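*Asks:* what follows is a predicted protein model with its sequence.
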Amino acid sequence: MPRNVRLLIGTRAARSFGQGAMVAAFALYLHALGWAGTTIGAVLMGALLAGSVLTLVVGPLSDRGHRRRFLLGYELLQVAVALVAMATTLPWLLTVAAVMGGFGRGANGAAGPFSPVEQAWLSHELPMARRGRVFSFNTAVGFFGMAGGALLAALPPWLSGHAMTPGDYRLLFALPLLGSLVSLGLLLATREIALPASVPDPAAQLTVRRRENGLLLRLVLVNALNGFGVGMVGPLVAYWFALKFHHGLAEIGPGMALGFLLGAAGSLLAGRLAVRAGVVRSVVLMRATGIVLLLLMPLAPWFWLAMLLYALRGAFNRGTAGVRQALATGLTGDSRRGLASSLQSISMQVPRAAGPVLAGALFHAGYLSLPFVIGAAFQCAYVVLYARFFGAHEAARAETG
């Protein structure tokens, strides 16, 4: 792989430890502070919406160049908000830090709302035929790191033998802080390649733009369905385990770590499937399996059975992230790749932001199964339309060539 690609994958690994710790611990931290489920969901929604606004601005701007500067700015922001979260429990300051830092949202080691910049840069460095496999490997690296972070988050209750206090939770923000500092160092070692200047024929460019716009509109539609379905469960799954089974971080952390490890394995599997069967077929097969496992989770009578179903679902659901990103970057030319990656992200994040608020209210009211059913229905619609919209596209077949 090119040197820049290796360094960008390294930044993903560095970030992923802190993100994994926050996915496992952040909602439980707010719960320990006495925040209600609806309030926790609102904070997570705010983080997703703020990320969506940044994504909408940053991705298209990065098509003009200076992608390295955008990512350096993101890491500096993460350092600042991690320091704030370590220093205070004031609700308004903690909320601002959570919204700007995206705590608990779990981006698999990606640069949060700046991930379209990262994806566009990676796709610029790689030919289309290699993107599915490299993007899947990149996603797997993030999942491995998140698994490590979730395990590190569970260490304090293991070592102390008692439940986490708010002060214990605050120490965990050192993980995203260190991850961002390492990422800063790796990004400083990159050398961005200038985007090629081109002066296409206006008529031909208009035709291409119209075709690309149609594909991007379809991408927005299917991702909106997927985002809302994922948001109904994903951001609050640790909180759900705590409510349903009355377990703490010492048990939930390792279970979530297993889910991330299987997500990494699923990413590698998706990369192999894309080579043999194409991107869309691999996504449909794996996501359909994940939907079945999602519906089985609330039916499980025991904690570890539910956690095993969650972990297995992670392999099939999360594992497709890399190949889906690869397809999205193949829907446009290089001059609009940041826009495509932004739409890929924002069309999921905005609907996903609504999920935690509704799910948090339902969980708080005692409806612990209904969010799973709603989420599965939306994800089922996503799978059907994804196959119909993109099954015949060149980017879906690139890995088979």
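*Replies:* All right, it came through fine.
*Asks:* any weak-confidence spans in the stretch 251-400 of the chain?
*Replies:* 334-335, 393-400 (pLDDT under 70).
*Asks:* 50 - rerun?
*Replies:* Across the stretch 251-400 of the chain, residues meeting the criterion (pLDDT under 50) sit at 398-400.
*Asks:* how about the strands in it?
*Replies:* Taking DSSP state E, counting those that start in this stretch as the test, none of the stretch 251-400 of the chain falls into strands.
*Asks:* do a quick rundown of the helices in it.
*Replies:* 279-296, 303-317, 321-329, 337-364, 370-390, 394-397 (DSSP state H, counting those that start in this stretch).
*Asks:* ok, now the stretch 1-150 of the chain?
*Replies:* Counting by DSSP H, counting those that start in this stretch, the helices of the stretch 1-150 of the chain are 3-32, 37-62, 67-87, 91-101, 115-125, 128-160.
*Asks:* right, and the helix or strand after the last one?
*Replies:* Just to be clear, that refers to helix 128-160. helix 166-171 (DSSP states H and E).
*Asks:* which other helices and strands contact whichever helix or strand comes after that following helix?
*Replies:* Once the chain leaves helix 166-171, the next helix or strand it forms, by DSSP H and E, is helix 174-188. Secondary-structure packing of helix 174-188 (3 or more Cβ pairs under 8 Å, 6 or more residues apart in numbering; DSSP states H and E): helix 3-32, helix 67-87, helix 128-160. Heads up, the C-betas are built off the backbone N, CA and C, glycines and all.
*Asks:* any chance of those helices in TSV, with distance to residue 323 too?
*Replies:* As requested, the helices and strands packed on helix 174-188 are exported to TSV (distance: least, Cβ to Cβ, whole Å):
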stretch	distance to residue 323
helix 3-32	16
helix 67-87	22
helix 128-160	5
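*Asks:* how about these, which one is nearest residue 293?
*Replies:* Residue 293 lies closest, by Cβ to Cβ, to one member of the helices and strands packed on helix 174-188: helix 128-160, at 16.6 Å.
*Asks:* and the closest one with helix 115-125, angle?
*Replies:* With axes from the mean of the first three to the mean of the last three Cα atoms, to 10 degrees defining the directions, helix 128-160 sits at 140 degrees from helix 115-125.
*Asks:* show me the contacts for residue 215.
*Replies:* Going by Cβ atoms under 8 Å, 6 or more residues apart in numbering, residue 215 touches 331, 332, 389, 390, 393.
*Asks:* please apply the same query to residue 243.
*Replies:* Counted by Cβ under 8 Å, 6+ apart, residue 243 has contacts 37, 363, 368.
*Asks:* same thing but at 10 Å, please
*Replies:* 31, 37, 236, 363, 364, 366, 368 (Cβ atoms under 10 Å, 6 or more residues apart in numbering).
*Asks:* most neighbours, which of those?
*Replies:* Neighbour counts for the contacts of residue 243, by other Cβ atoms under 10 Å, peak at residue 236, which reaches 26 neighbours.
*Asks:* I'd like the distance between that one and residue 376.
*Replies:* Shown here: residue 236 relative to residue 376, a distance of 15 Å by Cβ to Cβ, to the nearest Å.
*Asks:* just residue 182 next, same as before
*Replies:* Residue 182 is 38 Å from residue 376, by Cβ to Cβ.
*Asks:* residue 310 too?
*Replies:* 14 Å.
*Asks:* ok, back up a step: which one's more surrounded, residue 182 and residue 376?
*Replies:* residue 376 (21 against 18).
*Asks:* sorry, back to before: name the residues contacting each of residue 310 and residue 376.
*Replies:* 233, 293, 294, 296, 297.
*Asks:* count of residues packed around residue 122?
*Replies:* If we define neighbours as other Cβ under 10 Å, then residue 122 has 26 of them.
*Asks:* ignore what I typed, I meant residue 300.
*Replies:* 16.
*Asks:* ok, so what distance separates it from residue 309?
*Replies:* Counting by Cβ to Cβ, the separation of residue 300 from residue 309 is 6 Å.
*Asks:* next: residue 5.
*Replies:* For residue 5, the distance to residue 309 - Cβ to Cβ - is 35 Å.
*Asks:* what of residue 352?
*Replies:* Going from residue 352 to residue 309 by Cβ to Cβ gives 21 Å.
*Asks:* these two - which one has more neighbours?
*Replies:* residue 352 (27 against 20).
*Asks:* isn't the more buried one right up against residue 44?
*Replies:* Yes. Using Cβ atoms under 10 Å, residue 352 is in contact with residue 44, at 9.3 Å.
*Asks:* okay, and the common contacts of those two?
*Replies:* By Cβ under 10 Å, 6+ apart, the residues touching both residue 352 and residue 44 are 105, 231, 234, 235.
*Asks:* coming back round to it: of the shared contacts of residue 310 and residue 376 - the most surrounded one?
*Replies:* Going by other Cβ under 10 Å, residue 294 tops the shared contacts of residue 310 and residue 376 with 25 neighbours.
*Asks:* which element is the residue nearest to residue 379 when sequence neighbours are not counted on?
*Replies:* Spatial nearest neighbour of residue 379, excluding adjacent residues (Cβ to Cβ, 6 or more residues apart in numbering): residue 229 at 3.8 Å. Applying DSSP H and E as the criterion places residue 229 in helix 202-231.
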